[in-house]
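Asker: Requesting a structural model of the entry that follows:
(2 chains)
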Amino acid sequence: MSDKAKKPLIELKDIYKQYVNEDVVTKVLHGVSLTINEGEFVAIMGPSGSGKSTLMHILGFLDSISSGYYKFNSHDVSGLSDDQKAIMRRKEVGFVFQSFNLLPRTSVLENVALPMIYEQIPEDERRIMAKKALKTVGLDHRLDHLSNQLSGGERQRVAIARAVANNPSIVFADEPTGNLDTKTGEEVLMMFQDLHKTGRTIIMITHEQEAAEYAERIVSIRDGKIVSDTNGHKRRTGKFHK
Amino acid sequence: MLWKDLISSSTISIRRNKSRSALTILGIVIGIASVILMLSIGKSAEGLILSEIADLGSDLIFVEPSAGDPTSGPPNPFIEQSMTMDDEEAVADTGLFLATSSILSSTYTVSHEEENQFASVEGTNEQYLDIFPAEFIYGRFFTESEIDSYSRVAVLGKEIAEDMYGDQDPTGQKIKIDNIQFRIIGVFDEQGTRFFQDLDTRVNIPVTTMQRDLMGVDFVSYLTLRANDGVDLDFAKDEVRFVLRDEHNIDNPERSQDNDDFFVSSQNDAEDIIGVVGDVLTILLASIAAISLVVGGIGIMNIMLVSVTERTREIGLRKSIGATKNEILQQFLAEAVLLTMIGGIVGVLMGIFASVVIAFGAGFFLDDWALNIPVSGIIAGVVVATGVGVAFGVYPAKRAANLDPIEALRYE
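Answerer: Have a look, this model is predicted:
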């Protein structure tokens, strides 16, 4: 992995973010600068209210910055319109959420194929790509199950398949183990490690040190500022993993 | 998003909530179905009336008392009985007519021994048969001298004759009309209906007798005229107006029918009036349709708003995986339009079904009732229903499109 070309995928410089709500200004990020290279597995860690979710939303083109500079793949993406951001999310980003966010009463295969609808990929091709993604998360035997017939761990695996199915540049995971028991959470984290080994760039948001230690680099954030950025920790691997 | 995917995703979400979708479109279904049904009934009724008018013949002219032109403006209920037998004579003197008859009609108790019934009695002159030809089973019609001499003679319809005298020939027998004794001189063969009046239960007597002995009046209800062959009907009508203005001392140099106390009409005019009635009916139906579709549309909007709120997280997810505002808008709009379009189609089918049932039922009572399926109504029904979907789907769809993806994803 280390001999991979360290091309910067994300470059943040002096990012500020504030919300104005009924004349009350809430400052969330105070001068965040961060570079993430292609192929990295980064955990962004911090307590609630630290600004880690806002940072992920900005990185994932769900939110805009108030001031500063955001370069994605060497392109300035600081001032994109809503539609431009939607296109970036569609092409470059996959999301895994704490609460899975699968479409209810919809088959596993259709859930995974959903993002590709917006990319206007024809149905046959969508199905092939979705099946492939489901194979990598070990759910290719459950294609026609409905999302509400699955366990929590299976649902999150479907969500992971959905995030990677159209080969995005980067996968964001927002507290992916928050709704899972320890064992299933570990399995999901192992799955991210496996995805990382195949060359994917992954950014995981978490407030748990243990979960963060599955990543190769940990960025700690507190009160809207980065307080530490380490990659020398001992990496965890699951107890249940062979 | 591809068209195909847009349609299939709308279909899927409508199917996911089958019973709710069905209830939602009920308003549209009922609105469209009732419009189709009413249009169909209206068309059939109009056809029936027009066929009755056509049966009258194209060379007939009617002159009735009227306050101005009855086709312009609402009918005046206070109409002076302005027509007399002198008018008929004056009109006949133009030489334009093969036959003319004053008509006076009313209803009286008609009796023979213990048998009595309430029957329509019509006073006419002897030329009546030349205007409305009829066959006789027994006897004959009145003669001119019987008219002139106020004879108390009667000609019976086939049904009333059978009711009161059975199978025997009643000519020469007595019949009492309003307790005045008449002698039966003839019985018509079966005639059926003319302009919705059952001719077979009617009694005809000389108009003079009816005026003097039964009603005690000097007017008649209306005049019927049959033009000679080759006479232009519009010319004949103008002549009748000219003669009657003179008779009634109406100073009317501008020849406006509004100043007349009579109205001259022919079969064509009657057809025109029915056409006007049809137009009014259409406007009425369109208003009812508009109201029911607005109500239906509000129902659709309501349910779509509920659906948007319920599916806030789904909208958040779709946005996070790259759906643009427009794509979300299209999706919800497509759902609303698909719903109302289905409503329109179901409504049309139900309307056609109901029309067929009504036509089948009406066929037992009205021989000439023909099933009419209004093609324009069917097309308009589906198009308008679809339009309602667009009109009332836009607001909920915009609400969905403008949701903030982050807040939508967090929505509980």
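Asker: Pull out the buried positions in the helix ranked longest in chain A.
Answerer: With secondary structure taken from DSSP state H, chain A has its longest helix at helix A:182-197. Within helix A:182-197, the residues scored as buried using 16 or more other C-beta atoms under 10 Å in any protein chain shown are A:184-193, A:195-196. Backbone N, C-alpha and C define where each C-beta goes, glycine included.
Asker: go on, stretch B:334-343?
Answerer: Across stretch B:334-343, burial judged by 16+ other C-beta under 10 Å covers B:334-343.
Asker: Check stretch B:184-203 too.
Answerer: B:184-188, B:191, B:199-203.
Asker: can you give me how far that stretch is from the chain middle?
Answerer: Distance of stretch B:184-203 from its chain centroid, counting by C-alpha atoms, centre = their mean, to the nearest Å, is 24 Å.
Asker: May I have that stretch as CSV, with CA atoms only?
Answerer: Coordinates of each C-alpha in stretch B:184-203 appear next as CSV, following Å, rounded to 0.1, in the frame of the first residue of the first chain:
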residue,chain,number,x,y,z
ILE,B,184,-117.8,8.7,-31.1
ILE,B,185,-117.3,8.9,-34.8
GLY,B,186,-113.9,7.2,-35.2
VAL,B,187,-110.9,5.4,-33.6
PHE,B,188,-107.3,5.9,-34.7
ASP,B,189,-105.0,3.0,-35.4
GLU,B,190,-102.0,2.8,-33.1
GLN,B,191,-99.9,6.0,-33.5
GLY,B,192,-97.3,5.7,-30.7
THR,B,193,-95.8,8.9,-29.4
ARG,B,194,-95.3,12.3,-31.0
PHE,B,195,-92.9,14.6,-29.1
PHE,B,196,-93.3,12.5,-26.0
GLN,B,197,-97.1,12.6,-26.0
ASP,B,198,-98.9,9.3,-26.1
LEU,B,199,-101.3,9.7,-29.0
ASP,B,200,-103.1,6.4,-28.3
THR,B,201,-104.6,7.7,-25.1
ARG,B,202,-105.8,11.0,-26.5
VAL,B,203,-109.3,12.2,-27.5
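Asker: Show me the contact partners of it.
Answerer: B:52-53, B:55-56, B:110, B:119-122, B:132, B:134-142, B:153-161, B:169-175, B:177 (C-beta atoms under 8 Å, 6 or more residues apart in numbering or on different chains).
Asker: Only the buried members of the residues you listed: can you turn that into a ChimeraX selection?
Answerer: Burial among the contacts of stretch B:184-203 is assessed by 16+ other C-beta under 10 Å; the matching ChimeraX selection reads:
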select /B:52,53,56,110,119,120,121,122,132,134,136,137,138,139,141,142,153,154,155,156,157,158,159,160,161,170,171,173,175,177
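Asker: Sort out for me which of the contacts of stretch B:184-203 are in strands.
Answerer: B:110, B:119-122, B:136-139, B:153-156, B:174-175, B:177 (DSSP state E).
Asker: In TSV: the buried residues of stretch B:184-203, plus secondary structure.
Answerer: Putting the buried residues of stretch B:184-203 into TSV (DSSP: H, G, I helix; E, B strand; the rest coil) gives the following:
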residue	secondary structure
B:184	strand
B:185	strand
B:186	strand
B:187	strand
B:188	strand
B:191	coil
B:199	helix
B:200	helix
B:201	helix
B:202	coil
B:203	strand
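Asker: Tell me which stretches of chain A form strands.
Answerer: According to DSSP E, the strands that chain A contains are A:8-21, A:24-37, A:41-45, A:67-72, A:75-76, A:93-96, A:170-174, A:201-206, A:217-222, A:225-230.
Asker: Please tabulate those in JSON lines, including the columns mean neighbour count and distance to chain B.
Answerer: As requested, those are arranged in JSON lines below (neighbours: other C-beta atoms under 10 Å in any protein chain shown; distance: least, C-beta to the nearest C-beta, whole Å):
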{"stretch": "strand A:8-21", "mean neighbour count": "16", "distance to chain B": "11"}
{"stretch": "strand A:24-37", "mean neighbour count": "16", "distance to chain B": "12"}
{"stretch": "strand A:41-45", "mean neighbour count": "25", "distance to chain B": "16"}
{"stretch": "strand A:67-72", "mean neighbour count": "17", "distance to chain B": "15"}
{"stretch": "strand A:75-76", "mean neighbour count": "10", "distance to chain B": "17"}
{"stretch": "strand A:93-96", "mean neighbour count": "25", "distance to chain B": "5"}
{"stretch": "strand A:170-174", "mean neighbour count": "25", "distance to chain B": "9"}
{"stretch": "strand A:201-206", "mean neighbour count": "24", "distance to chain B": "13"}
{"stretch": "strand A:217-222", "mean neighbour count": "20", "distance to chain B": "18"}
{"stretch": "strand A:225-230", "mean neighbour count": "13", "distance to chain B": "21"}
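Asker: Using TSV, please lay out those together with mean pLDDT and distance to residue B:235.
Answerer: As requested, the strands of chain A are exported to TSV (pLDDT from 0 to 100; distance: least, C-beta to C-beta, whole Å):
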stretch	mean pLDDT	distance to residue B:235
strand A:8-21	92	86
strand A:24-37	92	90
strand A:41-45	95	100
strand A:67-72	93	91
strand A:75-76	92	89
strand A:93-96	94	87
strand A:170-174	95	92
strand A:201-206	95	96
strand A:217-222	94	102
strand A:225-230	93	104
